[in-house]
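> give me coordinates for this.
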Amino acid sequence: MRHVVTGLLLLSASTAFAAGSPIELKLTPRGTLGAPPPPGAARLPTGQGRLVSHPEVDLHAFLAGGPVAGHPLPTNPGVAPSTGIALINPGFSGFEGLNLTDQTLAGTGIYENSQGILEPPDQGLCVGNGFVVEAVNLALAIYDGSGNTLAGPVPLSQFFGVRPAFGADGTSGDFLSDPKCIYDWSANRWYLTLLQIDVDPVSGAFPGPAHTLIARSRTGDPTGTWDAFALDATNDGSNGTPSHPGCPCIGDQPLLGFDENAIFITTNEFPLFVDGFNGAQVYAIGKGAFDGNGSVVLFDNLALEEGTAYSVQPASTPPHGKFDRGSRGTEYFTSSLEFTGGLDDRVAVWAMTGTGSLNGGKVKLGFGYTILKSLVYGIPPPATQKNGPTPLRDLLNSIEGPGTEPLEMTDTNDDRMQQSVFTDGTLWSTIGTILRPNGDSADRAGIYWFRVDVDAAGASGKIKAKITQQGYLARVGTYLSYPTIAVNTHGRGAIAFSIGGDAFYPSTGYAILDDTGVGSIHVAGAGQVPQDGFTGYKFFGGEGVTRWGDYGAAVADTDGSIWMASEFTSARPRFIYGNWGTFVSNVHVE
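Next comes the predicted model:
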């Protein structure tokens, strides 16, 4: 059954409808998950396990369109002083979160030590009600606000009740990846999403189907009972899904947001068995659907005038923030418009109107976008790091010959849109970009951040959007990557990121954000040793650049403070094949 799309979004120049009409889908219950287990005693590794590098798709290899010509390499007119960066900030606290050892050794029974040695972690931090939930590839832990572990670590396969990745009997389990988490303060519920692909237990092949798994807590306490649901992402015409080119497909890197009426999941769709890219898929799920009283619809294969839409980031709203209640509820999204690996100076702002209709009666949604002029951005270069002890590299060089494996660089991602935040008519987001800081002699990874003021205009669904604040964040000799942003109801917040460069072991950092712009760069979690993981080394098929982060997370808490989490290098006990850790931090911004 298809619903009628109404409400053209007259945002500015280049406004257009989103492709297609929403398609009604099923949200499939998968049972009760129970509570995450309490903290267990630390265990020593019984073996080094299997190496797993979750694939990262080069989106630009599948996107069409031409580069924007004539733009100079972007420079930052206001870089932080090259004399140093701040190490101490009043109102700051932090603790080490999950690391590779935790992730690998998590689990009980058939799930014990079943995850393999995995890079990168991916970060699914969410916060609320005095709890801090951290999900990484592929484990979950719950802390209190002081960093004390209340539950976990538990493998996400065990949490969702699916087969372990590597069974003790030699069989293979479901492929899981890309966790995201939100605390929906308006409904006092927690949501966790995850990419899932069926795996043949004997051959290890991917026959499909693929799903987006969703867990929802029954209360505002994440240490209690959760329920599991699934969206079929195969999209080959089976199980009520649409029939898309090249499918069966997967919904890569699910992104997660919410408004007062619904949660929103967007994915990048790739065929399982042939090359191709079907663009972004946007799922709108009325909150009543989790109790059988709401609708689930899909806007599929989103396309812009000049190319296929990708990584369309749904916004979330901070605690006690103002949702847009115009047009029976409006949800906002942002996406990048750089299609070829070159430079671009535009961003897309999307809006879905009528979200309240997802919870009963006739579903009546409008969905469209506008293209806004932005600062220039493009794919950043990989980051260097400070030299130091690298036991894995030393071992490989002793096998392959001295100098065969150089010191790794760390990946800094591409220029897809990162986390988006909406409150009281303002929409904030960030993009990782190539920059040449003033006074620097080399290109660096930096951050483009921006604020859009949006104004809904009643039931017609018409809307205006304008970038009212924007800028770059960079530093001479330094690489800032995987940016995420969080803003509280007063318009103050922080940008969180990873820090690299010749003077740094891979670290985490942040900068305070308010209506005057972005402040100084601060170190949150100082890296302790070089990154020395297997994914960058030639011996394991790498090319000198190790997988790093994939994405971080930042979120505002009820008190207006900002919680952040990103990858860094921990000095805690490591596995020979890797040493990533995560650092969770909190900063009061007013």
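
> what is the rounded mean pLDDT of stretch 258-274?
The average of the pLDDT scores along stretch 258-274 is 97.

> with stretch 58-78 instead?
Here the average pLDDT along stretch 58-78 is 60.

> repeat for stretch 548-563
96.

> buried residues in it, which are they?
548-557, 560-563 (16 or more other C-beta atoms under 10 Å). For glycine as for every other residue, the C-beta is placed from the backbone atoms N, C-alpha and C.

> tabulate those residues (JSON lines), appending secondary structure.
Putting the buried residues of stretch 548-563 into JSON lines (DSSP: H, G, I helix; E, B strand; the rest coil) gives the following:
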{"residue": "548", "secondary structure": "coil"}
{"residue": "549", "secondary structure": "coil"}
{"residue": "550", "secondary structure": "coil"}
{"residue": "551", "secondary structure": "coil"}
{"residue": "552", "secondary structure": "coil"}
{"residue": "553", "secondary structure": "strand"}
{"residue": "554", "secondary structure": "strand"}
{"residue": "555", "secondary structure": "strand"}
{"residue": "556", "secondary structure": "strand"}
{"residue": "557", "secondary structure": "coil"}
{"residue": "560", "secondary structure": "coil"}
{"residue": "561", "secondary structure": "coil"}
{"residue": "562", "secondary structure": "strand"}
{"residue": "563", "secondary structure": "strand"}
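
> need the max-distance pair from those.
Among those, the pair separated by the greatest distance (C-beta to C-beta) is 548 and 560, at 30.3 Å.

> neighbours of the closest residue to residue 473 other than its chain neighbours, how many?
Using C-beta to C-beta, 6 or more residues apart in numbering and skipping the chain neighbours, the partner closest in space to residue 473 is residue 447 (4.1 Å). For residue 447, the count of nearby residues is 27 (other C-beta atoms under 10 Å).

> quick one: residue 447 from residue 379, how far?
13 Å (C-beta to C-beta, to the nearest Å).

> show me whatever sits in contact with both of these two.
Common neighbours of residue 447 and residue 379, counting by C-beta atoms under 8 Å, 6 or more residues apart in numbering, are residue 433.

> surely the residue nearest to residue 473 meets residue 497?
Yes. Taking contacts as C-beta atoms under 8 Å, residue 447 lies within contact range of residue 497: 6.3 Å.

> which residues do the two both contact?
Joint contacts of residue 447 and residue 497 (C-beta under 8 Å, 6+ apart) are 473, 480, 483.

> quick one: contacts for the first one?
For residue 473, the contacting residues are 76, 446, 447, 449, 480, 483, 495, 497, 511, 518, 521, taking C-beta under 8 Å, 6+ apart as the criterion.

> again with the last one
Contacts here follow C-beta under 8 Å, 6+ apart; on that basis residue 483 touches 418, 430, 431, 432, 447, 449, 473, 495, 496, 497, 552.

> find the nearest non-adjacent residue to the third one, please.
In space, and not counting its chain neighbours, residue 431 is closest to residue 448: 4.6 Å by C-beta to C-beta, 6+ apart.

> which of the three states applies to the one you found?
strand.

> list the contacts for it?
Residues near residue 448 by C-beta under 8 Å, 6+ apart: 74, 374, 375, 377, 430, 431, 432, 433, 470, 471, 472.

> secondary structure and distance to residue 336 for the contacts of residue 483 - can I get that in a markdown table?
Output for these, formatted as a markdown table (DSSP: H, G, I helix; E, B strand; the rest coil; distance: C-beta to C-beta, whole Å):
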| residue | secondary structure | distance to residue 336 |
| --- | --- | --- |
| 418 | strand | 9 |
| 430 | strand | 11 |
| 431 | strand | 6 |
| 432 | strand | 10 |
| 447 | strand | 13 |
| 449 | strand | 13 |
| 473 | strand | 17 |
| 495 | strand | 17 |
| 496 | strand | 19 |
| 497 | strand | 17 |
| 552 | coil | 17 |
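
> for the stretch 101-250 of the chain, what spans make up the helices?
Using DSSP state H, counting those that start in this stretch, the helices of the stretch 101-250 of the chain run over residues 156-160.

> so for stretch 566-577, what gets flagged as buried?
566, 567, 568, 569, 570, 574, 575, 577.

> let me have those residues in CSV, extended by distance to residue 253, pLDDT and secondary structure.
Converted to CSV, these look like this (distance: C-beta to C-beta, whole Å; pLDDT from 0 to 100; DSSP: H, G, I helix; E, B strand; the rest coil):
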residue, distance to residue 253, pLDDT, secondary structure
566, 17, 97, strand
567, 16, 97, strand
568, 22, 96, strand
569, 24, 96, strand
570, 25, 88, coil
574, 27, 88, coil
575, 25, 85, strand
577, 24, 94, coil
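
> for the longest helix anywhere in the chain, packing partners?
Longest helix in the chain by number of residues (criterion: DSSP state H): helix 391-400. For helix 391-400, there is no helix or strand it packs on, judged by 3 or more C-beta pairs under 8 Å, 6 or more residues apart in numbering; DSSP states H and E.

> which SSE is immediately downstream of it?
Next along the chain after helix 391-400, taking DSSP states H and E as the criterion, comes strand 409-410.

> so where do the strands sit in the stretch 101-250 of the chain?
117-119, 126-128, 131-136, 139-144, 149-155, 175-184, 189-197, 210-217, 226-232, 249-258 (DSSP state E, counting those that start in this stretch).

> Throw those strands into a markdown table and include mean neighbour count and distance to residue 355, thanks.
Formatted as a markdown table, the strands of the stretch 101-250 of the chain follow (neighbours: other C-beta atoms under 10 Å; distance: least, C-beta to C-beta, whole Å):
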| stretch | mean neighbour count | distance to residue 355 |
| --- | --- | --- |
| strand 117-119 | 26 | 36 |
| strand 126-128 | 25 | 21 |
| strand 131-136 | 26 | 25 |
| strand 139-144 | 23 | 28 |
| strand 149-155 | 23 | 32 |
| strand 175-184 | 23 | 13 |
| strand 189-197 | 25 | 16 |
| strand 210-217 | 24 | 17 |
| strand 226-232 | 21 | 17 |
| strand 249-258 | 25 | 10 |
